[in-house]
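*Asks:* here is my input, please return the structure:
(one chain, ligands or ions: 1)
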Amino acid sequence: MSSASPSPQLYFDTINAFHKTEALKAALDLGLFTAIGRTPSTAAEIAARCECPERGIRILSDYLTVQGFLTKDGSHYALTLDSATFLDRNSPAYLGPSADFLLAPTLVEAFRDLTSTIRRGTPEVKSTTPEHPMWLDFARCMGPMMVGPARGIAALVPLDADRETKVLDISASHGTYGIAFAQQNPRAHLTALDWEPVLAITAENAKAAGIANRFSKIAGDAFTVDLGSDYDVVLVPNFLHHFNPADCTRFLRRVHAALRPGGRVVVVDFIPNEDRVTPPGSASFGLVMLSSTPEGDVYTFAEYSKMLADAGFHGFALHPLLPTTASAVIATK
Ligand SMILES: C[S@@+](CC[C@H](N)C(=O)[O-])C[C@H]1O[C@@H](n2cnc3c(N)ncnc32)[C@H](O)[C@@H]1O
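*Replies:* All right, here's what the predicted structure looks like:
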């Protein structure tokens with residue numbers, strides 16, 4: 001028998017996990033990390049910069065220190081490397097806008113209803129509803145988060161520089177994935193596919209990235225709209241997890257038909273190990289699909305390989321996109 005004594009710590013940490021969420025959201029809303037910046041500061045100094053009474057800033061700063069977002073030396077608080085990189089509005093890698101989507105009422109409500117969702121077998125809120133407005137917020141807020149993996153994939157899949165090439169970005173949203181390809185390959189033409197209202201944001205971002213003259217749109221349901229043909233690469237980032245394996249395979253057959261011979265499909269997604277419980281970041285994403293889609297899930301590399309093989313692809317390879325939780329599966333027509 002084990003000599004370890006039982007601890008209720010995990011129970012209390014989990015029951016109180018929303019404290020952490022709300023404290024971080026308050027700090028982002030108040031600009032607390034930006035107020036500290038590169039200068040270790042006292043609670044009074046931070047409070048003055050955030051234009052708040054000192055008590056709240058002191059208690060919040062101590063809490064954020066306990067949670068690992070700040071360090072404290074005497075009475076001075078400073079940013080950790082991660083906080084300086086991702087939580088200071090002056091950093092190019094600032095992640096704050098993603099909180100507006102990840103904590104949007106639609107998604108939070110979907111989690112509040114988890115018990116009934118599991119009993120019923122399907123959620124009340126379904127992100128798979130055509131033109132669901134949540135995808136406008138996603139397109140506005142989530143682009144910066146995807147820049148790292150998007151550039152990583154563009155580097156992994158070089159295009160022929162001696163001719164005009166064609167890239168299709170399925171579920172383009174903010175457009176970050178396709179735009180990374182267009183920027184890396186000056187002779188590539190990018191076609192972005194998404195719901196019509198979302199594509200207005202994609203087009204704005206393509207213009208801001210300087211690729212408007214090599215950009216076009218396909219609006220509508222990716223399962224039924226004409227995808228076009230002869231693409232060198234079809235990107236499928238964070239799309240397949242919304243659907244069941246049979247629908248994913250049906251969709252991948254359409255992608256196969258739209259590629260030129262030798263063309264490649266790039267599936268980017270949360271891909272857990274075969275045990276389905278490691279690594280934590282990708283394995284936990286299944287719960288998001290349970291809370292917001294009728295049939296979505298996370299799929300392992302073996303499951304993606306089977307879907308891709310059934311759709312006619314060969315030469316599957318898995319590429320973890322470290323340090324993010326995303327991975328890419330690349331396969332060839
Ligand atoms: C999770 S987001 C992924 C966006 C982007 N690819 C990324 O990786 O950040 C899903 C996107 O798929 C789009 N979408 C969902 N269902 C769709 C469908 N049936 N046809 C076309 N687009 C769809 C949504 O509008 C949204 O932009």
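*Asks:* quick one: distance of stretch 257-272 to the chain centre.
*Replies:* 18 Å (Cα atoms, centre = their mean, to the nearest Å).
*Asks:* buried stuff in that stretch?
*Replies:* For stretch 257-272, burial by neighbour count (16 or more other Cβ atoms under 10 Å) applies to 258-259, 263-272. For the C-beta atoms, the positions are set from N, CA and C on the backbone; glycine is no exception.
*Asks:* do stretch 177-190 as well
*Replies:* Within stretch 177-190, the residues that count as buried by 16+ other Cβ under 10 Å are 177-185, 188-190.
*Asks:* within range of the ligand, give me the residues from this structure.
*Replies:* 135, 138-139, 142, 146, 171, 173, 177, 194-195, 198, 221-223, 237-239 (Cβ under 6 Å from any ligand atom).
*Asks:* which of the residues you listed are buried?
*Replies:* Buried, going by 16+ other Cβ under 10 Å: 135, 138-139, 142, 146, 171, 173, 177, 194-195, 198, 222, 237-239, out of these.
*Asks:* list just the nearest of the residues you listed to residue 285.
*Replies:* Nearest to residue 285 out of those is residue 238 (Cβ to Cβ; 9.7 Å).
*Asks:* the strands in the stretch 1-150 of the chain, which residues?
*Replies:* Ranges of strands within the stretch 1-150 of the chain are 70-73, 76-79, based on DSSP state E, counting those that start in this stretch.
*Asks:* just those: most buried one?
*Replies:* strand 76-79 (a mean of 21; mean count of other Cβ atoms under 10 Å).
*Asks:* give the other helices and strands that it contacts.
*Replies:* helix 32-36, helix 54-66, strand 70-73 (3 or more Cβ pairs under 8 Å, 6 or more residues apart in numbering; DSSP states H and E).
*Asks:* report how many residues lie close to residue 5.
*Replies:* Residues lying near residue 5 (other Cβ atoms under 10 Å) number 5.
*Asks:* which strand runs longest in this structure?
*Replies:* For the chain, the strand with the greatest residue count under DSSP state E is strand 259-269.
*Asks:* by contact count, what packs against it?
*Replies:* Using 3+ Cβ pairs under 8 Å, 6+ apart, strand 259-269 sits against helix 143-156, strand 231-237, helix 245-258, helix 301-310, strand 327-332.
*Asks:* 7 Å - rerun?
*Replies:* Packing partners of strand 259-269 (3 or more Cβ pairs under 7 Å, 6 or more residues apart in numbering; DSSP states H and E): helix 143-156, strand 231-237, strand 327-332.
*Asks:* chain center to the second one, what's the gap?
*Replies:* If I follow you right, that is strand 231-237. Worked out by Cα atoms, centre = their mean, strand 231-237 lies 18 Å from the chain centre.
*Asks:* that one versus helix 245-258: what angle between them?
*Replies:* In terms of direction (axes from the mean of the first three to the mean of the last three Cα atoms, to 10 degrees), strand 231-237 departs from helix 245-258 by 160 degrees.
*Asks:* now what about strand 231-237, what contacts it?
*Replies:* Applying Cβ atoms under 7 Å, 6 or more residues apart in numbering, the contact partners of strand 231-237 are 157, 159, 165-171, 177-178, 181, 255, 258-260, 263-268.
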